[in-house]
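> just to be clear, the model below is a prediction. Sequence and coordinates:
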Amino acid sequence: MLVRHRSIFLTDLNSSEQQLTCIIIIYRQSPANALDDMTLSAPPTCDYSKAIDCYLLVLSISDSTQNKLFMGLAANCIGVNYQLLSSSTKDYSYTGKFVDPQNRNLQNALVYHQKHLEAADDAGKFVAHLNLGLTLGSLGRPNEAAHYYQEALRLAIQLNSAYGQSLAVGNLGLLASRQNDLDTAVACMNQHLQLIQSVNDRPAETFAWIQLGHLASRRGEYEKAERAFDQAHRLAQELGDVGTVKQCSCYLGVARARLQMQGYVRQLTSSLMPLTTS
């Protein structure tokens, strides 16, 4: 879940700031910054390299004028576009799920997210910590990634942001899942679900139920998996999300089939056990 810096509205700008604002507005309108809650995606026609060149110009101007606000914003955008560029040849958009320790674009993203962290206020530091965690996870450095997610969680608590807390703890859960630490993953994802319900983000709640269903399936808890996928299916129907409805229908069918097979195996095993005589 890459996170873009919050929107900025400024008045009474000097000439350098006007130049920066113009550049940022132009590129914020490009598809390269199309973001959703848990992933960052963009059409395949986006030219991330050109976007990076533009943001580098923003960074250079803001550095020369010591404008920390724009320095942080530009560094964040550069880091995000490097992350997008890291998987631009893949069949899927960047989600942080793949691991490539030698990926040069991810290494560049790490540098600029660190620059963002150094220039940002507390809200910006929260964004930078999340993106550093995501980048480090993709570079195959899960312990460092967990540290940055934990720092993001600490800042979200400090900022009294339930939504921010949900993002941080959700990413901790996804990281634990990829490390096969299922107990931690389930605990984090349950907390993520509670937090996301508290802010009434129903699409994110659907995602959380799907993740809990997958985790339950991996633990062989097919009854829990069925309940989780059923909840996700119902929410997706209410939201009119046809793609997710179809996806959840498949997950639900598999969970029910496994649950039935589990019951059949238990029944068969029980019938084959030797009878004991008193």
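Arrived safely, thanks for sending.
> when you work out contacts or count neighbours from here on, use the C-alpha atoms and nothing else.
OK.
> using CSV, write down the CA coordinates of stretch 105-124.
This file holds the C-alpha atoms of stretch 105-124, laid out as CSV (Å, rounded to 0.1, in the frame of the first residue of the first chain):
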residue,chain,number,x,y,z
ASN,A,105,14.7,0.7,-9.1
LEU,A,106,13.7,-0.6,-5.6
GLN,A,107,17.1,0.4,-4.3
ASN,A,108,16.6,3.9,-5.8
ALA,A,109,13.1,4.1,-4.2
LEU,A,110,14.6,3.3,-0.8
VAL,A,111,17.0,6.3,-1.2
TYR,A,112,14.2,8.8,-2.0
HIS,A,113,11.7,7.5,0.6
GLN,A,114,14.5,8.1,3.1
LYS,A,115,14.9,11.6,1.8
HIS,A,116,11.2,12.1,2.3
LEU,A,117,11.4,10.8,5.8
GLU,A,118,14.2,13.4,6.6
ALA,A,119,12.2,16.3,5.2
ALA,A,120,8.7,15.5,6.4
ASP,A,121,6.5,16.5,9.3
ASP,A,122,4.9,13.8,11.4
ALA,A,123,2.1,13.1,8.9
GLY,A,124,4.7,12.9,6.1
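> state the mean pLDDT of it.
Stretch 105-124 shows a mean pLDDT of 95.
> what about that stretch, distance to the chain center?
16 Å (CA atoms, centre = their mean, to the nearest Å).
> quick one: contacts of it?
With CA atoms under 8 Å, 6 or more residues apart in numbering as the test, stretch 105-124 has contacts from 5, 68-69, 71-76, 78-83, 85-86, 125, 128-129, 131-132, 135-136, 138-139, 155, 159.
> got the contact list for stretch 249-265?
So stretch 249-265 is contacted by 217, 222, 223, 225, 226, 229, 230, 233 (CA under 8 Å, 6+ apart).
> gap between the closest residue to the third one other than its chain neighbours and residue 190?
This means residue 223. Of all residues not flanking residue 223 in the chain, residue 259 sits nearest, at 6.4 Å (CA to CA, 6 or more residues apart in numbering). Distance, residue 259 to residue 190, using CA to CA, to the nearest Å: 22 Å.
> following the helix or strand harbouring residue 132, which helix or strand shows up next?
Assessed by DSSP states H and E, residue 132 sits inside helix 122-138. The helix or strand immediately downstream of helix 122-138 is helix 142-158, counting by DSSP H and E.
> could you list the buried residues of that following helix?
Applying a neighbour-count criterion of 16 or more other CA atoms under 10 Å, one finds 142, 144-156 buried in helix 142-158.
> so how do I select the buried members of the contacts of stretch 249-265 in PyMOL?
Buried members of these can be picked out in PyMOL with the line below, counting by 16+ other CA under 10 Å:
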select buried, resi 217+222+223+225+226+229+230+233
